[in-house]
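Undergrad: below are the sequence and a predicted model for it; my questions follow.
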Amino acid sequence: MQDARTIEIVDTTLRDGEQSPSIVFSAQDKLNIATALDKAGVTWIEAGVPVMGEEEQEAMKMILSAGLQAKVIAWNRALKNDILSSVSCGFSHLHISVPVSDLHIEQKLKKSREWVLENLKQSILLAQSFGCTVSVGAEDASRGDREYFLEVANIAAELGAVRIRYADTVGCLNPLAVHSIFQELIPRCPLPVEVHMHNDFGLANANTLVALAAGAELASTTIGGIGERAGNAALEEVVTAWQVVYGMKCHVNRNDFLHLSHLVMQAGNKDVFDYKPIIGNAFTVDNTNKIA
Amino acid sequence: MIWVDQTLQEGLRVGMDKGQINPLLELLQKLPVDVIDCKVVDWEKHGLPKLNMSQQKHIRGKINGTLTEVALADKLGFKNVIIACAPHLGQGLTSTVCTALFTAQQLGMNIGFCIDNASRFSIEELCFLWRDIPIYGIDSFIYGDKESLLEPVAASRILASLLIKIPVCLEFHGHNAYGLATGNALAALQAGVKRIAAAVAGVGLQGHAAVEELIMAQKRLLGETSKETGHLALICSQILFAMGLTLPKTKAIIGQDIFAHESGIHVDGVIKNPQMYEAFSPEEVGLTRQLVIGKHSGNASIQAKFRQWNICMSDAHAQILLKQVRSLAVRQKMQVDDHALWELYQAIQVKQEG
């Protein structure tokens, strides 16, 4: 029997979750959600993107001064302005994201792989010059070259980054593919891996769990799975399945999920689908006297 | 054909009346589903009539392994049945279940034999249970994961092994209590299972795999040929509407907003090449792409939006407008619609001219 491994959650409800097209949180909403996540035991909270402007910065400052136990992270592109905005808000944990697929590097940035590495290096050094701890994000990793992902991870590790995020940006992985990718990737990766899966085919949760089982140490999630397009892996599903189906550990209190969901849906003016696992009505009302 | 529908059963369970069931059945037949499952007792409870010839072909009645229910299925004209049971660990099948199987055989029914709680048992224990089963007349074995105990890697391993050991067609019926149903069902498909339970948007008691997710995952992630999917979003939303459910706007594959791009980095990418932030194109499921302007917009989004209106905007101009857009989006706590965007634009024009 395997030892019960403990994973950590990097919740991004306030960043990727808010990027869901119909959702805008107020600064007060953001503070309330961050406080509730902290209370539930989430250790990392990705709070937002300071470079977006004053409104966002105001919310960030409120969260940073709330005295949370959780570490609060700002999301950045590998750009000077992004990093300076985050630093001036008072962040000491910076996530710096770079695209790693050729599709994104060549067509979006119109740059080269080398340029991305150099740019990342400068950005990490800049963040560190302000005493910040850096984590690195590999955007579109699932469609990129695995060796290049490892190259990015190696540079990040050499410079002292604390972990690397493997992002399935368009949600195009399937669980068995994740299993074989991560079995190969994890032993070769010099940094702890955080997985960030999207739900375009309804597989975000399954892909996240399979990656965790294969050795990823952190899961990026949002409450209710809100996020870009069809959303992200849902906090409540990842934590519950990790504990119940896999019999492993994650120190997040499952009793807080309904409250968290209520808070987010109210702030985002959304309803939870009745058949959303854990938090949907079909799962929360008593069905025990009926047979499947 | 692979997908076994569980949507109708949920319709019956939540109390759709007799008049609503037929339209639902018609809609379901527009989906690439092979068999439509329902519980015989629920069919009777709703006062639905004996199955007609065409219904007999594709509707399959699920019954508990008792003689009474076999007789009821026969009376209502079910030719295809599932005889379900949930044995206790360490015990064989009860004689009641065996008698029910035998009687259904005598009546010439096609029988699917289902162990609802199969995921509670080891492969060896399941094979042991098979010793009690008369193979003749049984055309499939349905592996049930009633308590949602499986994860995809285990599902793939177990089902691949059972495919070799069980002498009839293997089916998989998973549930979604922990959000793993689509992942498990896809793993079953990859393992070679030929029939898999699924429901529109994953509805059902304890949930199911979502059929629209499986159809598109099979096509796009496994690269298998599929039937035309251009009306998938429409058909699924009609089905949910018929069931009195509201389709969430961000539901994977079929939600109205899954191709709405707002954040600056995404819009910029999508303008350059939609593949950058889309796993498949909206037309493939009958949806449309939208550029949404709001708090997360960037310069490029604003410029792209105005290009759609044949207005070429400078970077500096877009920057000024963007600031106002973000501030308005935060104030009103929602995206900025076209009308409001146009008003902001005109206000700036006036200021610049004045």
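TA: Nice, I can see it.
Undergrad: right, is stretch B:237-245 up against chain A?
TA: Yes - against chain A, stretch B:237-245 shows contacts by C-beta under 8 Å from any C-beta of the partner chain at residue B:245. Yep, even glycine has a C-beta here, placed from its N, CA and C like the rest.
Undergrad: residues in contact with that stretch?
TA: With contact meaning C-beta atoms under 8 Å, 6 or more residues apart in numbering or on different chains, stretch B:237-245 is reached by A:273-274, B:7, B:10-11, B:14, B:16, B:20, B:23-24, B:27-28, B:31, B:200-201, B:203, B:246-247, B:254.
Undergrad: where do the helices sit along the stretch 51-200 of chain A?
TA: A:54-64, A:80-89, A:102, A:113-129, A:146-158, A:175-188 (DSSP state H, counting those that start in this stretch).
Undergrad: in the sheet, which residues pair with the most centrally placed residue in chain A? Tell me.
TA: In chain A, the residue lying closest to the centroid (C-alpha atoms, centre = their mean) is residue A:220, at 2.9 Å. Taking DSSP bridges as the rule, residue A:220 bridges to residue A:10, residue A:196.
Undergrad: from residue A:212, how far out is it?
TA: 11 Å (C-beta to C-beta, to the nearest Å).
Undergrad: list residues touching both of the two?
TA: By C-beta under 8 Å, 6+ apart, the residues touching both residue A:220 and residue A:212 are residue A:195.
Undergrad: buried residues in the helix or strand encompassing residue B:21?
TA: Following DSSP states H and E, one finds residue B:21 within helix B:18-28. Buried residues in helix B:18-28, defined by neighbour count with 16 or more other C-beta atoms under 10 Å in any protein chain shown: B:20-21, B:24-25, B:27-28.
Undergrad: again, but for stretch B:213-222
TA: Residues of stretch B:213-222 classed as buried under the neighbour-count rule (16+ other C-beta under 10 Å) are B:213-221.
Undergrad: now do the same contact list for whichever residue of chain A sits closest to chain B.
TA: Residue nearest to chain B within chain A: residue A:206 (2.4 Å; C-beta to the nearest C-beta). Residues in contact with residue A:206 (C-beta under 8 Å, 6+ apart) are A:175, B:151-152, B:179-180, B:182-184, B:186.
Undergrad: in helices only, show me these.
TA: A:175, B:152, B:182-184, B:186 (DSSP state H).
Undergrad: mind naming the longest helix for chain B?
TA: helix B:315-332.
Undergrad: is any part of the helix or strand just after that helix close to chain A?
TA: From helix B:315-332 onward toward the C-terminus, using DSSP H and E, the following helix or strand is helix B:338-353. No - Helix B:338-353 does not reach chain A (C-beta under 8 Å from any C-beta); its nearest approach is 13.4 Å.
Undergrad: low-scoring stretches of the stretch 151-292 of chain A, by residue?
TA: Confidence mapping of the stretch 151-292 of chain A against pLDDT under 70 gives the ranges A:285-292.
Undergrad: again, only this time at 50
TA: The stretch 151-292 of chain A contains residues with pLDDT under 50 at A:287-292.
Undergrad: quick one, strands of it?
TA: Along the stretch 151-292 of chain A, counting by DSSP state E, counting those that start in this stretch, strands occupy A:164-168, A:193-197, A:218-221.
Undergrad: which among the ones you listed is found nearest to residue A:8?
TA: Of all those, it is strand A:218-221 that lies closest to residue A:8, at 4.8 Å by C-beta to C-beta.
Undergrad: OK, contacts around residue 190?
TA: No chain in the question, so chain A it is. Counting by C-beta under 8 Å, 6+ apart, residue A:190 touches A:153-154, A:157.
Undergrad: wrong one, chain B
TA: The contact partners of residue B:190, by C-beta under 8 Å, 6+ apart, come to A:174, A:176, B:156, B:222.
Undergrad: ok, 7 Å please
TA: A:176, B:156, B:222 (C-beta atoms under 7 Å, 6 or more residues apart in numbering or on different chains).
Undergrad: what is the nearest of these to residue B:342?
TA: For those, the nearest to residue B:342 is residue B:222 (44.8 Å; C-beta to C-beta).
Undergrad: start and end of stretch B:167-177, how far apart?
TA: Criterion C-alpha to C-alpha, to the nearest Å; first-to-last residue distance in stretch B:167-177 is 30 Å.
Undergrad: just the contacts of stretch B:237-245: which are in helices?
TA: Reading helices off the contacts of stretch B:237-245 with DSSP H, I get B:7, B:10-11, B:20, B:23-24, B:27-28.
Undergrad: most widely separated two among the residues you listed?
TA: Most distant of these, by C-beta to C-beta, are B:10 and B:23, 15.3 Å apart.
Undergrad: report the angle between the one helix or strand residue A:33 maps to and helix A:54-64.
TA: Using DSSP H and E, residue A:33 maps to helix A:27-40. Using axes from the mean of the first three to the mean of the last three C-alpha atoms, to 10 degrees, the inter-axis angle of helix A:27-40 relative to helix A:54-64 is 30 degrees.
Undergrad: need the residues of the stretch 101-250 of chain A near chain B, please.
TA: Contact residues (C-beta under 7 Å from any C-beta of the partner chain) of the stretch 101-250 of chain A with chain B: A:103-104, A:107-108, A:170-172, A:174-176, A:179, A:199-203, A:205-206, A:209-210, A:213, A:228-231, A:234, A:237, A:240-241, A:244-246.
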